[in-house]
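Novice: sequence unavailable; structure follows:
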């Protein structure tokens, strides 16, 4: 990693720093962006390391604020994003995140004030939708459930084209309908959210099934994905995340490019814990049928022709049974429902990392 992974505009803003320092800060920012979703705590440490040496760069303060938001550090995120707005001339895109931080701090009234601020009118379409979602959540925090529903009745809600914000908007609208005790409508919108959520970022399908009283059954047989049993295994035999024991709180991670960073990079992706796949995944469904080929039937021997009989003619031998296919139903799981149904086919959120506008919690 060299730091060149940052976009050109971001690298240009770092040119105000000495070259070596700019490269170090860039590497920290790249790591903060990559780890924002899977390891927000480490991402926040990388961002703070960059801020300590480049606190006068608006890009650095913005990245630190977003990393703090992912880590649930609402007060720190709010302070960093306010500083970023002072250092930058045209950065209002993180206004929805600031409003959501106010909600996280238990101040929904301040979140509503930010939603009505003049700067909100400068947001692009994605930013306006995100701010609407936060505003609706603030209304629900205040017990204004009907107002929360009305807040999300925007033209984007009826857009027939799939947009980057569609799944989150549909989900937030369905959630508001649940709080307003409009469960039938909520089920419809959870179904729409599940259909729009191609990446499976939300639990819209599960919420839909819960409202409809359905059970989602997975009868797909995939033995390769079944985890091996770890019963009786020693601790070192079980996959685990790299230990951070012995590191003091607030330790600054080394900038990527050093041996320590390279090792951290290699072991970063999250691993699946044993037991993630339930036993019922490999069990046959209640109507599973196994097909077996019928055993071959041998033709009876032709007796020699007797007096008065035509050669090759059989008077009336026993007619063999026609080949058939035997159906042997497998034993169904008595605990599984007879008519198991799955939810409709399957984001902020968001993503906050990368190039899309950060998602806010509904």
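Specialist: On my side now, so go ahead. Values in this document were obtained by computation on a predicted structure and should not be read as measured data.

Novice: so residue 55 makes contact with residue 48?
Specialist: No: using CB atoms under 8 Å, residue 55 is not in contact with residue 48; the gap is 10.2 Å. C-beta: built from backbone N, CA, C; applies to glycine.

Novice: the two - which one has more neighbours?
Specialist: Neighbour totals were compared for residue 55 and residue 48, and residue 48 leads with 20 against 13 (other CB atoms under 10 Å).

Novice: so how far is residue 175 from the more buried one?
Specialist: 33 Å (CB to CB, to the nearest Å).

Novice: cool, and residue 184?
Specialist: Separation of residue 184 from residue 175 (CB to CB) stands at 15 Å.

Novice: tell me how many other residues crowd the residue lying closest to residue 88 once chain neighbours are set aside.
Specialist: Closest residue to residue 88 apart from its sequence neighbours, by CB to CB, 6 or more residues apart in numbering: residue 58 at 4.0 Å. Using other CB under 10 Å, residue 58 is surrounded by 16 other residues.

Novice: go on, residue 112?
Specialist: Residue 112: 21 neighbours (other CB under 10 Å).

Novice: identify the residues contacting it.
Specialist: For residue 112, the contact set (CB atoms under 8 Å, 6 or more residues apart in numbering) comprises 135, 138, 139.

Novice: in helices only, show me those.
Specialist: Judged by DSSP state H, the subset of the contacts of residue 112 located in helices is 135, 138, 139.

Novice: I'd say residue 27 and residue 1 touch.
Specialist: Yes: the criterion here is CB under 8 Å, and residue 27 meets it with residue 1 at 5.6 Å.

Novice: comparing these two, which residue is more hemmed in?
Specialist: Per other CB under 10 Å, whichever of residue 27 and residue 1 has more neighbours is residue 27, with 25 against 16.

Novice: how far away is that one from residue 84?
Specialist: Between residue 27 and residue 84 the computed distance is 20 Å (CB to CB).

Novice: next one: residue 98
Specialist: In terms of CB to CB, residue 98 sits 10 Å off from residue 84.

Novice: of these two, who's got more company?
Specialist: For the pair residue 98 and residue 84, the greater number of neighbours falls to residue 98 (26 against 22), based on other CB under 10 Å.

Novice: check contacts around that one.
Specialist: Residue 98 neighbours (CB under 8 Å, 6+ apart): 77, 78, 81, 82, 114.

Novice: what of residue 169?
Specialist: Residue 169 neighbours (CB under 8 Å, 6+ apart): 129, 132, 133, 152, 154, 156, 157.

Novice: who's in contact with the closest residue to residue 3 other than its chain neighbours?
Specialist: In this structure, residue 3 finds its nearest non-sequential neighbour in residue 26, 2.9 Å apart by CB to CB, 6+ apart. Taking CB under 8 Å, 6+ apart as the criterion, residue 26 is in contact with 2, 3, 4, 5, 6, 10, 11, 14.

Novice: next, format these as JSON lines and append distance to residue 195 and pLDDT.
Specialist: Converted to JSON lines, those look like this (distance: CB to CB, whole Å; pLDDT from 0 to 100):
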{"residue": "2", "distance to residue 195": "41", "pLDDT": "73"}
{"residue": "3", "distance to residue 195": "40", "pLDDT": "71"}
{"residue": "4", "distance to residue 195": "39", "pLDDT": "75"}
{"residue": "5", "distance to residue 195": "34", "pLDDT": "83"}
{"residue": "6", "distance to residue 195": "35", "pLDDT": "84"}
{"residue": "10", "distance to residue 195": "35", "pLDDT": "85"}
{"residue": "11", "distance to residue 195": "39", "pLDDT": "84"}
{"residue": "14", "distance to residue 195": "42", "pLDDT": "90"}
